[in-house]
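Visitor: could you work out the structure for the sequence below:
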Amino acid sequence: MGVADVGRRSKRIRVPKTSEIVADNIRRQIIRGELEEGKFLPPEGILMESLGISRPTLREAFRILESEGLISVVRGSRTGAKMHQPSVELVSRYAGYVLESQATTIADLYQARLAIEPSVVRWLATERAPGATVRLHQVVSGLKVSLDAERYDDFIDAVEVFHQELVTASGSKTLTFMNRMLLNLAGHHQRDVHRRLPEVRQARVKGMRAALRSFEKLIALIEAGEVEEAVAHWRLHLRNAIATWTDDGEGDRVVDSLGA
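Guide: The predicted structure is shown next:
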């Protein structure tokens, strides 16, 4: 085989730009925790000298990292760029773009949650790990305070936290991340419903106390090790919630990532 044949059979080799290499290096340090959340990178002049690069190259690297939400740059500031750990909110927004481009419906989004949470409940009720429900009790206490004070927006936000803490209690970082992403997108939909249909908020206030009782029952079943009862109870709770948030054609709406 001649050199020409190798050239025809091989893909073109792309050499990374210097700015991409610099961005890769900083990104790696942020993700691995070598550069702390909220801390600042050294000023541009120091970075340029230590890395042996030009100002345009450094600023291009900053633009890459800023677009990924890993740094924020205040123009004209004497401090360096501020560093941020990767955020679920940012990933959720991008995931929303993908789901919307695929015409994913709100109903589909909620069904994905139905596939995760009952499995987590089964694990928690089976293992009955000490302390697994501590945070759930704390969230329920906060829900009671919000409901008694008629702080209904706070109540709705805390319901999302309850679902988040439920999956977090499993100890699975992968499931926790996936569930947080789904909760984030579902939360956008729920807040959008309240903006578009203010009368819905008042109609659902009556269901909040029922939801609170459902949360308390779930915790009790998990702590008692009543596995099948806990799973059945939570599956029914989720199906009722899905019916509530997807009725009147809401379930057929496509995930709206751009308006979120």
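Visitor: excluding its backbone neighbours, what's nearest N179?
Guide: Take N179 and drop its neighbours on the chain: the residue closest to it by CB to CB, 6 or more residues apart in numbering is V167, 4.2 Å away. Where you see a C-beta, it was placed from the backbone N, CA and C, and this is true even at glycine.
Visitor: and the one you found, that one's in a helix?
Guide: Yes - V167: assigned to a helix according to DSSP: H, G, I helix; E, B strand; the rest coil.
Visitor: list the residues that contact it.
Guide: Applying CB atoms under 8 Å, 6 or more residues apart in numbering, we find V167 in contact with I116, E117, V120, L175, T176, N179, R180.
Visitor: rerun that using 7 Å as the cut-off
Guide: I116, E117, V120, L175, T176, N179 (CB atoms under 7 Å, 6 or more residues apart in numbering).
Visitor: can you add neighbour count and give those back as CSV?
Guide: Output for the contacts of V167, formatted as CSV (neighbours: other CB atoms under 10 Å):
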residue, neighbour count
I116, 20
E117, 22
V120, 23
L175, 17
T176, 20
N179, 23
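Visitor: so the residue most central in space within the chain: helix, strand or coil?
Guide: With distances taken as CA atoms, centre = their mean, M181 lies nearest the centre of the chain, 3.1 Å away. Three-state call for M181 (three-state DSSP): helix.
Visitor: number of nearby residues for the nearest residue to it once chain neighbours are set aside?
Guide: Once flanking residues are discounted, M181 sits nearest to S92: 4.7 Å by CB to CB, 6+ apart. If you count neighbours by other CB atoms under 10 Å, S92 ends up with 22.
Visitor: find me the pLDDT at S92, would you?
Guide: Looking at S92, its pLDDT stands at 80.
Visitor: right, and it touches L183 too?
Guide: No - in terms of CB atoms under 7 Å, S92 does not count as a neighbour of L183; the distance is 8.6 Å.
Visitor: how far off centre is the biggest helix by length in the chain?
Guide: Longest among the helix segments of the chain by residue count, using DSSP state H, is helix 198-224. Mean-position distance between helix 198-224 and its chain equals 23 Å (CA atoms, centre = their mean, to the nearest Å).
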